[in-house]
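1. here's a sequence, model it:
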Amino acid sequence: MERIDARGKTCPLPVIETKKVLDTMKEGSVTVLVDNAIAVQNLCKMAEQKKMQYSSEKQSEDCYTVTITISEDSQTTANQSETVSCILDNREQKTVVVLSSDCMGNGDDVLGRILMKGFVYALTEQEHLPETILLYNGGAKLSVEGAETVADLKLMEAQGVEILTCGTCLNHYGLSEKLAVGSVTNMYRIAEILANAGKVIRP
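-> A predicted model of the protein is given here:
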């Protein structure tokens with residue numbers, strides 16, 4: 001039986017580390033130690049997606065164990081699933097961040113791109129993450145291959161933040177095949193999200 005001590009590690013690290021161990025196994029069990037109930041839910045969700053048996057137990061207020069068992073029957077499913085997703089308790093419900101340009105502010109575009117990169121990174125460090133990030137017009141350039149903001153957007157996506165980029169905007173800029181994070185959306189969905197948002201942040 002393999003054992004992973006993921007206490008003190010934030011999402012998605014417990015899931016990623018467990019997945020790496022599972023990917024090296026044909027059968028057997030992995031017991032993961034975590035320090036919060038949300039991490040337990042994330043691990044159980046992953047096991048469920050991979051059609052693996054799992055169980056969890058609360059050892060103390062800051063120690064939980066999750067045991068995941070892999071068999072030959074579940075190995076194929078495990079190898080096919082590459083998604084790492086997290087259930088979080090730190091997303092601020094109905095908060096939407098709108099990125100409508102790859103620059104932040106007016107005046108100097110070079111400075112504006114530096115500021116926007118810094119803003120997206122700063123979002124990852126907030127105590128409460130937004131529920132959704134919408135990218136349209138020039139903002140669509142922030143979620144495509146080669147953009148310096150992709151890594152930070154992926155980090156937030158792994159923590160449950162919905163990342164949506166306007167498909168019309170990607171087409172306009174010739175970037176339809178280069179989306180690197182999140183999914184494509186349309187103006188109806190954008191309007192719906194904004195209409196129902198509790199708070200909209202526009203840098």
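2. let me know the secondary structure of the most far-flung residue of the chain relative to its centre.
-> The outermost residue of the chain relative to its centre, with distances by Cα atoms, centre = their mean, is residue 107 at 32.6 Å. The three-state label for residue 107, taken from DSSP: H, G, I helix; E, B strand; the rest coil, comes out as coil.
3. give the contact list for it.
-> Going by Cβ atoms under 8 Å, 6 or more residues apart in numbering, residue 107 touches no other residue. Any C-beta I mention is one placed from the backbone N, CA and C, and that applies to glycine too.
4. pull up the gap between it and residue 115, please.
-> Between residue 107 and residue 115 the distance, using Cβ to Cβ, to the nearest Å, works out to 10 Å.
5. again, but for residue 150
-> When Cβ to Cβ is applied, the distance between residue 150 and residue 115 equals 17 Å.
6. same deal with residue 1?
-> From residue 1 across to residue 115, the span is 50 Å (Cβ to Cβ).
7. between these two, which is the more surrounded one?
-> When residue 1 and residue 115 are compared for neighbours, residue 115 comes out ahead with 15 against 8, by other Cβ atoms under 10 Å.
8. residue 105 is in contact with that one, correct?
-> Yes: at 6.1 Å, residue 115 and residue 105 qualify as touching, with contact defined as Cβ atoms under 8 Å.
9. tell me the pLDDT at the residue most central in space within the chain?
-> What sits nearest the mean C-alpha location of the chain, by Cα atoms, centre = their mean, is residue 158, with 1.6 Å. As predicted, residue 158 sits at a pLDDT of 88.
10. which residue comes closest to it once chain neighbours are left out?
-> Of all residues not flanking residue 158 in the chain, residue 12 sits nearest, at 4.4 Å (Cβ to Cβ, 6 or more residues apart in numbering).
11. can you pull the domain assignment for the protein?
-> Described in terms of automatic domain parsing, the domain architecture of the chain consists of the residue ranges 2-80, 91-201.
12. by mean pLDDT, show me the worst of those.
-> Looking at the domains of the chain, the weakest mean confidence is domain 2-80, a mean of 85.
13. ok now that domain, how far from the chain's centre?
-> 18 Å (Cα atoms, centre = their mean, to the nearest Å).
14. measure the residue nearest to the centre of the chain to residue 19 for me?
-> 12 Å.
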